[in-house]
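Asker: How does the following fold in three dimensions:
(4 chains)
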There are 4 protein chains.
Amino acid sequence: MIVSISYVEGRINMDELINAIKQFNKERDWDQFHSPENLAKSISIEAGELLECFQWDAENYDKDEVCEELADVFNYCFQMASKLEVDPKEIILKKLEKTRQKYPVEKAKGVSTKYDKL
Amino acid sequence: MIVSISYVEGRINMDELINAIKQFNKERDWDQFHSPENLAKSISIEAGELLECFQWDAENYDKDEVCEELADVFNYCFQMASKLEVDPKEIILKKLEKTRQKYPVEKAKGVSTKYDKL
Amino acid sequence: MIVSISYVEGRINMDELINAIKQFNKERDWDQFHSPENLAKSISIEAGELLECFQWDAENYDKDEVCEELADVFNYCFQMASKLEVDPKEIILKKLEKTRQKYPVEKAKGVSTKYDKL
Amino acid sequence: MIVSISYVEGRINMDELINAIKQFNKERDWDQFHSPENLAKSISIEAGELLECFQWDAENYDKDEVCEELADVFNYCFQMASKLEVDPKEIILKKLEKTRQKYPVEKAKGVSTKYDKL
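Answerer: Down below sits the predicted model:
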């Protein structure tokens, strides 16, 4: 049985996670509000709340609060991917490949310079 | 062999994804820049770029651009989780549970009202 | 003559500034895009660009770049105020008064604690 | 007396506004927290709260709430200008001039296209 294998191995299964989020919204009939634009706004709003954990102090953050706000950003990101019918893993790896070309190891190593100034 | 099972089943494996991102940063020696605070700033910055795809028009967005920006937000979110040594799936499900209690189906169904005004 | 008095004294005149911004948009027929919601998105987007100046380094920022991005945030804020037909000075002073009550000097002095934890 | 002229004329005086904000922070000894980076984070955070007023509905916003959040963004913007020792009016007009060149009337009129695609 696949699901149990997945758990036995301790692997994270994104499909199940996405389904849990979808189910949550379906129960509340919230899908009607989740246009790509509204999700983009929501990601920005939640990213702001995450940033608030570090507003005046970069070091002494409340880890539980950070995790909750990070979870909210993740949640809307998964919803956006789902709405666009794209696979999160695929778009992330694709973008990583593009970034790899903009930031070749020999130029980018150890510096935080933006690619257009490398 | 576990990895091949994971692919045979077409399941998305977050661990492998996180490892690809880690490897990318390790090659560039970028880990030194990725404090939780810097990652929180980065998530906000990328969320702003994602929002820019919808700045003047909520409907006619460029799907490829949206996917690229969404991938950037995802990337930094996974890095943040990794830095905090938390499992994305776990924090998302935990927060979903909390949200479930703030937005019970019978009150929240079909409305976008914030919990403190429900 | 009032305008010259204003300049002779070296005082900043917000009305003239707001008019310059309005004139700029009128020439381009851009007012049609500037709904309050679009302006709110724009403020967030530009705030992200401002934050980008400090993404990896809190100290060594490029002051000219910071000023340009700050100017963009200001610009959209003035447009929003203008669209809502409110006086920036008035809403800022009103909010300052409200914040004064949430953060009384004797409690808030020298600490960055949020009001609900004071 | 200049101040009274300024009021008699009903003109908005930015200097007085900036001084009110400075005084507010001085009383609370908050200047120590207001590094340019922290102010940039604060502007992003408040921009997110402003955007939240339009999260699920672009039309039916609460004007009072919008004004309060806009006031917060303004407040931190003025603090940033003050911290950088720049004149808000000057940097806004300077940037407007630059934007004027990127978006010439004959190309930009009536379209929301970004300058690099004009």
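Asker: Can you tell me the element the residue nearest the centre of chain A falls in?
Answerer: Nearest residue to the geometric centre of chain A (C-alpha atoms, centre = their mean): A:Phe74, 3.9 Å. Using DSSP states H and E, A:Phe74 sits in helix A:63-84.
Asker: and that helix, is it in reach of chain D?
Answerer: No: Helix A:63-84 does not reach chain D (C-beta under 8 Å from any C-beta of the partner chain); its nearest approach is 10.6 Å. Where C-beta positions appear, they are placed from N, C-alpha and C, glycine not excepted.
Asker: Counting by contacts, list what whichever helix or strand comes after that helix packs against.
Answerer: Under the assignment DSSP H and E, the closest C-terminal helix or strand after helix A:63-84 is helix A:88-102. If you count contacts as 3 or more C-beta pairs under 8 Å, 6 or more residues apart in numbering or on different chains; DSSP states H and E, helix A:88-102 packs onto helix A:63-84, helix B:14-28, helix B:63-84.
Asker: hmm, back to that, and the helix holding A:Phe74, what's buried?
Answerer: Of the residues in helix A:63-84, A:66-82, A:84 count as buried by neighbour count, 16 or more other C-beta atoms under 10 Å in any protein chain shown.
Asker: any idea of the mean pLDDT for that helix?
Answerer: The average pLDDT within helix A:63-84 is 98.
Asker: Report the closest residue of chain A relative to chain D.
Answerer: Closest approach of chain A to chain D (C-beta to the nearest C-beta) occurs at A:Gly48, with a separation of 2.4 Å.
Asker: for that residue, what are its contacts?
Answerer: Residues in contact with A:Gly48 (C-beta atoms under 8 Å, 6 or more residues apart in numbering or on different chains) are B:44, C:44, D:44-49, D:51.
Asker: And A:Ala40, how far from chain C?
Answerer: 8 Å (C-beta to the nearest C-beta, to the nearest Å).
Asker: what about the closest residue to A:Ala108 other than its chain neighbours, neighbour count?
Answerer: Leaving aside its chain neighbours, A:Ala108 sits nearest to B:Arg28 (4.9 Å; criterion: C-beta to C-beta, 6 or more residues apart in numbering or on different chains). If you count neighbours by other C-beta atoms under 10 Å in any protein chain shown, B:Arg28 ends up with 21.
Asker: thought B:Arg28 was touching A:Ser112?
Answerer: No: with contact defined as C-beta atoms under 8 Å, B:Arg28 does not count as touching A:Ser112 (9.6 Å).
Asker: In chain A, where is pLDDT below threshold?
Answerer: A:1-12 (pLDDT under 70).
Asker: ok, now how distant is A:Asp15 from B:Asn13?
Answerer: Distance, A:Asp15 to B:Asn13, by C-beta to C-beta, to the nearest Å: 10 Å.
Asker: who has more neighbours, those two?
Answerer: B:Asn13 (20 against 13).
Asker: residues making contact with stretch A:86-100?
Answerer: By C-beta under 8 Å, 6+ apart, stretch A:86-100 touches A:14, A:77-78, A:81, B:12-14, B:17, B:20-21, B:24, B:67-68, B:70-72, B:74-75, B:78.
Asker: my bad, should have said stretch A:18-31
Answerer: Residues contacting stretch A:18-31 (C-beta under 8 Å, 6+ apart): A:34, A:75, A:78-79, A:81-82, B:92-93, B:96, B:99-100, B:103, B:105, B:108-110, B:112.
Asker: Equivalent analysis for stretch A:49-56, please.
Answerer: A:61-62, A:65-66, A:69-70, A:72-73, B:36-37, B:40-41, B:43-44, C:112, D:33, D:38, D:41-42, D:44-45, D:48.
Asker: Buried residues, that stretch. List them.
Answerer: Those would be A:49-56, for stretch A:49-56 by 16+ other C-beta under 10 Å.
Asker: And it, how far out from the chain middle?
Answerer: Its chain's C-alpha centre and that of stretch A:49-56 lie 17 Å apart, by C-alpha atoms, centre = their mean, to the nearest Å.
Asker: before we move on, back to that, any idea how far chain C is from the residue nearest to A:Ala108?
Answerer: In terms of C-beta to the nearest C-beta, B:Arg28 sits 13 Å off from chain C.
Asker: mind checking how far that residue is from A:Gly110?
Answerer: From B:Arg28 over to A:Gly110 the distance is 7 Å, taken as C-beta to C-beta.
Asker: same check, this time on A:Ala40
Answerer: 33 Å.
Asker: which of these two has more neighbours?
Answerer: The neighbour count for A:Ala40 versus A:Gly110, taken as other C-beta under 10 Å, is higher for A:Ala40 (29 against 9).
Asker: What about A:Ser42, how many residues nearby?
Answerer: As a burial measure, A:Ser42 scores 25 neighbours (other C-beta under 10 Å).
Asker: err, A:Glu90, not the other one
Answerer: With other C-beta under 10 Å as criterion, A:Glu90 counts 14.
Asker: Equivalent analysis for A:Lys94, please.
Answerer: So A:Lys94, with other C-beta under 10 Å, has 16 neighbours.
Asker: so how far is C:Gln79 from it?
Answerer: 36 Å.
Asker: circling back: excluding chain neighbours, give the residue nearest to the residue of chain A closest to chain D in space.
Answerer: A:Gly48's closest residue in space is D:Gly48 (C-beta to C-beta, 6+ apart), at 2.4 Å.
Asker: tell me the angle the helix or strand hosting that neighbour makes with helix C:63-83.
Answerer: Secondary structure assigned from DSSP H and E places D:Gly48 in helix D:36-52. On the basis of axes from the mean of the first three to the mean of the last three C-alpha atoms, to 10 degrees, helix D:36-52 is oriented at 30 degrees to helix C:63-83.
Asker: burial of A:Lys107, as a residue count?
Answerer: 12.
Asker: Which residue, other than its chain neighbours, is closest to it?
Answerer: A:Leu118 (4.9 Å).
Asker: Am I right that the one you found is in contact with A:Val105?
Answerer: No: between A:Leu118 and A:Val105 there is no contact, the gap being 11.6 Å when judged by C-beta under 8 Å.
Asker: Report the contact partners of A:Tyr103.
Answerer: A:115, A:118, B:28.
Asker: Could you list every helix and strand that the helix holding A:Phe74 packs against?
Answerer: With contacts taken as 3+ C-beta pairs under 8 Å, 6+ apart, helix A:63-84 sits against helix A:14-28, helix A:36-52, helix A:88-102, helix B:36-52, helix B:63-84, helix B:88-102.
Asker: Output that helix in PDB, but only the C-alpha positions, please.
Answerer: Written as PDB, here are the backbone C-alpha positions of helix A:63-84 (Å, rounded to 0.1, in the frame of the first residue of the first chain):
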ATOM      1  CA  LYS A  63      10.100  30.400  16.700                       C
ATOM      2  CA  ASP A  64       6.500  29.200  17.200                       C
ATOM      3  CA  GLU A  65       5.100  32.500  15.800                       C
ATOM      4  CA  VAL A  66       7.600  32.300  12.900                       C
ATOM      5  CA  CYS A  67       6.400  28.800  12.100                       C
ATOM      6  CA  GLU A  68       2.700  29.800  12.100                       C
ATOM      7  CA  GLU A  69       3.300  32.700   9.800                       C
ATOM      8  CA  LEU A  70       5.500  30.600   7.500                       C
ATOM      9  CA  ALA A  71       2.800  28.000   7.400                       C
ATOM     10  CA  ASP A  72       0.300  30.600   6.200                       C
ATOM     11  CA  VAL A  73       2.600  31.700   3.400                       C
ATOM     12  CA  PHE A  74       3.200  28.100   2.400                       C
ATOM     13  CA  ASN A  75      -0.600  27.400   2.500                       C
ATOM     14  CA  TYR A  76      -1.400  30.200   0.100                       C
ATOM     15  CA  CYS A  77       1.500  29.200  -2.200                       C
ATOM     16  CA  PHE A  78       0.200  25.700  -2.400                       C
ATOM     17  CA  GLN A  79      -3.200  27.000  -3.200                       C
ATOM     18  CA  MET A  80      -1.800  29.200  -5.900                       C
ATOM     19  CA  ALA A  81       0.000  26.300  -7.500                       C
ATOM     20  CA  SER A  82      -3.100  24.200  -7.300                       C
ATOM     21  CA  LYS A  83      -5.200  27.000  -8.800                       C
ATOM     22  CA  LEU A  84      -2.700  27.400 -11.700                       C
END
